[in-house]
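Novice: Predicted model follows, preceded by the sequence.
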Amino acid sequence: MSSPIPSRLSAIAAALLSTVYAFVPAPALAVTYSVGSGAGCTHATIQAAIDTAASSAGTDTIHLTNGSFAQQALGISSQGVSIVGGFDTCTTPVATGVTEINGAGGAANSVITITGNSSPVTLARLKITGGDETTDGDGGGIDVSGPSVVTLTDVEISGNTAQDGGGIAIRNAASVTLGPNVTIVNNTATGSGGGISVDFATLKAEADGILIAFNHAPNGYGGGLYVSYSRNVDIGSPGGLGLPVIYFNDAEYGGGIAVRAGTLSALPALVRLYSTDPTRPVRISANSASKTGGGVYLRPYFNVDLNNATSTLCASDFRIDDNDAVQGSAIYADSDYSLANDLRSTEVFLNAPTSCAGIAARPPSARSCVGQPDCNLIDNNYASGDATPANGATILLQNAGYLDARNLTLRDNVGGHAFRAFGDADDGTGRRAAVLLRGCAIFDNMYSLEALRFEGDRVSSLLEQCTVAGNTVGGAALIRFGGASETALTLSRSILWQPGTPLRGGTMPGALSVNGIVASALTTLPGATDAIVADPRFVGNGDYRLRAASPAVDFATGPAGTDLDGRPRNRDLDPKPNFLGTTDLGAWERQTLLPLLFNTEFDSNADAWTAITPGVASWDPTQNVVGATSSGAAKVTQAGTPNLQRVYGYSQCIHVPGPGLYALNGWGRAGAGGIGNRDYVYLNWEFRSNGGESCTSGIVDAGGDHFLSNSSNWTRPANPGLIDVPQSTWTVDSSITVTMVVVEFGVTSPPTTIGWVDGVTLEPVVDDTIFRNGFDPAL
């Protein structure tokens, strides 16, 4: 017989559990309300629905019918709610449109005010317009404060006005996330933050489709975005509507973005820029400032009580382009002084390896754009005053400003200087003015003064693995120092090619270190070691990468790492002799010996080739055998050519990277007609042991013709023509010239010479031993 005790215990336990569950509240059920007129609508006004939702537990949802709700000044306080527009009717299950919430004509207030709310608020499928905040001056479209957590998706905020934050104001520890397809356009701040103002708050904007554009702060800071004493502002969106994320905004200071440390307390400010789509880097583009900081403006804080804080820009995988200001067309880093004349400066980190001011340089969502076009690029920025050219800098650092830039390209900018920095002081942390450039390319800019100018004492500059070339420099030197005490200039593993312009001017830096450079002159750089004056031999046509026979290839010893394109350093190119090691100088490391010749497939043009006789050589889009269909080929044609006469077409000359055996080949075809009337197509070559820098100087040491075809079909010989470059005669100026030749061979009159060439190759024979021992490649 079983014991009754267990059953009694079970009964007691069950009774206890039922008592406990009686005191546990049921989970809150979210309620959906509908605003509009007609069947199924629960409310006629949005505010009525918000008020009802406030008395309901849980995060409720409010559906808004299509159309426009006028004279709105909505308030959401201490409640979680989701407001979704775009429903055709109150009974429509899925939203397909957009609902306009318009504040015009109503109270002079924000269209939507969100306060004191730790529960999530979501706004979706809305157009918020007509806000004219005058009560506290913040947030014409939306004013978010307190611990509020707000997410916007598919929202347009346009045509609003406020003192700060014409479109949105985010303040007092609030947090706002801009989701996909949020556009903040055509808003105005009479103070700061034409599009968005962030004061001691958090903003995340990394979704696709975000656009902050055409906003205005004509008398203040930050046309697109104003950030004040906030360190949690992330901009990573690739942009929206086919435009960059921060685009065509204007302000007095910081046309695109202004970052200021605390104006009321000593709290720092920091903005991170990064990319989430490698093919579309985050961009600050086409913004303007009537005074300083066309793209980005930064200002620290220092008050009478000596409380101070800095402002920091932390940008990775970005582009800053087409911005305009009197000074700092791309970036202006300001400084601030106390009444006792103590100083605080700002910091700019471009592609910092790990962190910026104690914060990770990139969030987990960031993606590198290295190797993609227009990545880590500052270009086409314009220093102007009243729409006329000015002597402002592309990047300007006020007293003790600090710039640490890696993997950076500056090109096609216009102004007085690329970089200008002011020294003469230490800031409150002991930091001094510095411009540190590692892995940089500065080319094709137009500067009326020096490209790099450093004012006063206590300023340092570093150019390491940089290429500086092709710039218009109107000043007396490429780099100018204005002070000597505690100043330093270091040039390392770099190329400085500005023929006709002294590389250094002004005062001699207190510490000058020049090691491992190829330069256009060295007279102003005394004490330089492992430095030569030589043409770097760039690829050309605006490409400042190196040809295989460049003296800067395999020049130095250096650490492992990557170049400006993200490719590995220390690539040893055989048979190119090493100078000191396998590291190339400048921003780019040449990865392979080939190609030696350029544009050999004539894709879309005959660039890199020179026509020997005008009108004889041309690019023919109707013919090709290699490359994409209809990519073209080189054509040689001449009427009335006597029989057996040679007609010369395109030619290209290259310096030979090293001694050895080289193989020349290509595709050729003759014109139509009988075999007795078709011309002969050749590649002619000439080797000069000392072709000079022009490549074609000096005597011809050897030469020959390599026959390609006399067929009306494209033909490539099975065996290449071989060019021997002996060790005994090779020099750094040895060259090979390749020329297309068509020999007239016809019996009909009048004769017309015609032939085509495509897919030309010139490459070293990897193992030429068998050829040098008498091996016949034709056998």
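Specialist: Arrived safely.
Novice: use CA for all of it now, contacts and neighbours both
Specialist: OK.
Novice: secondary structure element for Arg438?
Specialist: Remark: Arg438 resides in strand 433-443, with elements defined by DSSP states H and E.
Novice: Paired strands for that strand, with orientation please.
Specialist: Using DSSP bridges, the strands paired with strand 433-443 are strand 402-411 (parallel), strand 459-464 (parallel), strand 467-469 (parallel).
Novice: tell me the average confidence for the second one?
Specialist: Per-residue confidence for strand 459-464 averages out to 96 on the pLDDT scale.
Novice: how far out from the middle of the chain is that strand?
Specialist: Chain-centre distance of strand 459-464: 22 Å, with C-alpha atoms, centre = their mean, to the nearest Å.
Novice: how about JSON lines for the strands paired with strand 433-443, with mean neighbour count added?
Specialist: Below are these laid out as JSON lines (neighbours: other C-alpha atoms under 10 Å):
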{"stretch": "strand 402-411", "mean neighbour count": "22"}
{"stretch": "strand 459-464", "mean neighbour count": "24"}
{"stretch": "strand 467-469", "mean neighbour count": "24"}
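Novice: mind putting those in TSV, distance to Gly358 included?
Specialist: Shown next, in TSV, are those (distance: least, C-alpha to C-alpha, whole Å):
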stretch	distance to Gly358
strand 402-411	15
strand 459-464	23
strand 467-469	31
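Novice: Neighbours of Ala611, how many?
Specialist: The tally of other residues near Ala611 (other C-alpha atoms under 10 Å) stands at 18.
Novice: who touches it in this structure?
Specialist: Ala611 makes contact with Ala617, Ser618, Gly649, Tyr650, Ser651, according to C-alpha atoms under 8 Å, 6 or more residues apart in numbering.
Novice: Look up the residues forming beta bridges with it.
Specialist: Bridge pairing for Ala611 (DSSP bridges) gives the partners Tyr650.
Novice: Roughly how far does it sit from Gly649?
Specialist: Distance of Ala611 to Gly649, given as C-alpha to C-alpha, to the nearest Å: 6 Å.
Novice: where does the stretch 301-450 of the chain dip in pLDDT?
Specialist: Within the stretch 301-450 of the chain, the segments meeting pLDDT under 70 span 303-307, 337-343, 386-388, 425-431.
Novice: the helices in it, which residues?
Specialist: Counting by DSSP state H, counting those that start in this stretch, one finds no helices in the stretch 301-450 of the chain.
Novice: Give me the contact list for the strand holding Arg438.
Specialist: For strand 433-443, the surrounding residues in contact (C-alpha under 8 Å, 6+ apart) are 397, 399-412, 419, 421-423, 425-426, 458-471, 563-564, 586-587.
Novice: that older thread, so which of the strands paired with strand 433-443 is nearest Met508?
Specialist: Within these, the stretch nearest Met508 is strand 459-464; the backing value is 12.3 Å (C-alpha to C-alpha).
Novice: Quick check: chain neighbours aside, which residue is closest to Val98?
Specialist: Ranked by C-alpha to C-alpha, 6 or more residues apart in numbering and with sequence neighbours excluded, the top spatial neighbour of Val98 is Gly86, at 4.0 Å.
Novice: can you count the residues close to the one you found?
Specialist: Neighbour count of Gly86, defined by other C-alpha under 10 Å: 22.
Novice: before we move on, what about Ser697?
Specialist: 15.
Novice: hmm, back to that, farthest-apart pair in the contacts of Ala611, please.
Specialist: Applying C-alpha to C-alpha across those, the maximum distance is between Ser618 and Ser651, 11.8 Å.
Novice: ok so, going back, can I get the buried part of the contacts of Ala611 as one ChimeraX selection?
Specialist: Per 16 or more other C-alpha atoms under 10 Å, the buried members of these correspond to this ChimeraX selection:
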select :617,618,649,650,651
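Novice: So for stretch 112-124, what gets flagged as buried?
Specialist: Buried residues in stretch 112-124, counted by 16+ other C-alpha under 10 Å: 112-124.
Novice: so how far is it from its chain's centroid?
Specialist: Worked out by C-alpha atoms, centre = their mean, stretch 112-124 lies 35 Å from the chain centre.
Novice: sorry, back to before: which pair in the buried residues of stretch 112-124 spans the largest distance?
Specialist: Taking C-alpha to C-alpha, no two of the buried residues of stretch 112-124 sit farther apart than Gly116 and Ala124, at 20.6 Å.
Novice: Quick one: residues contacting Asn665.
Specialist: Residues near Asn665 by C-alpha under 8 Å, 6+ apart: Leu683, His706, Leu708, Arg716, Pro717, Asn719, Pro720, Gly721, Val760, Thr761, Leu762.
Novice: For this protein, give me the ranges with low pLDDT.
Specialist: Where the chain drops to pLDDT under 70, the residues are 1-28, 263-265, 303-307, 337-343, 386-388, 425-431, 673-677, 747-750, 767-779.
Novice: please redo it, this time with the cut-off set to 50
Specialist: Low-confidence segments of the chain, defined by pLDDT under 50, span residues 1-27, 339-341, 769-779.
Novice: Can you give me the end-to-end span of stretch 349-362?
Specialist: End-to-end distance for stretch 349-362: 12 Å, by C-alpha to C-alpha.
Novice: Ok, stretch 497-504 next?
Specialist: One end of stretch 497-504 to the other measures 13 Å (C-alpha to C-alpha).
Novice: list the buried ones in it?
Specialist: Neighbour counts over stretch 497-504 (16+ other C-alpha under 10 Å) mark Trp497, Gln498, Thr501, Pro502, Leu503, Arg504 as buried.
Novice: quick one: which of those residues sit in strands?
Specialist: Using DSSP state E, the subset of the buried residues of stretch 497-504 located in strands is Trp497, Arg504.
Novice: Turn the buried residues of stretch 497-504 into CSV, columns for distance to Gly640.
Specialist: CSV is the format used below for these (distance: C-alpha to C-alpha, whole Å):
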residue, distance to Gly640
Trp497, 47
Gln498, 47
Thr501, 50
Pro502, 53
Leu503, 54
Arg504, 58
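Novice: The lengthiest strand in the chain pairs with which strands, parallel or anti?
Specialist: Criterion DSSP E: the longest strand present in the chain is strand 752-764. Strand pairing for strand 752-764, determined by DSSP bridges: strand 633-639 (antiparallel), strand 660-670 (antiparallel).
Novice: will you turn those strands into CSV that also has distance to Ala107?
Specialist: Below are those laid out as CSV (distance: least, C-alpha to C-alpha, whole Å):
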stretch, distance to Ala107
strand 633-639, 71
strand 660-670, 78
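Novice: Tally up the residues packed near the closest residue to Pro751 other than its chain neighbours, please.
Specialist: Closest residue to Pro751 apart from its sequence neighbours, by C-alpha to C-alpha, 6+ apart: Gly640 at 5.1 Å. Neighbours of Gly640 under the rule other C-alpha under 10 Å: 11.
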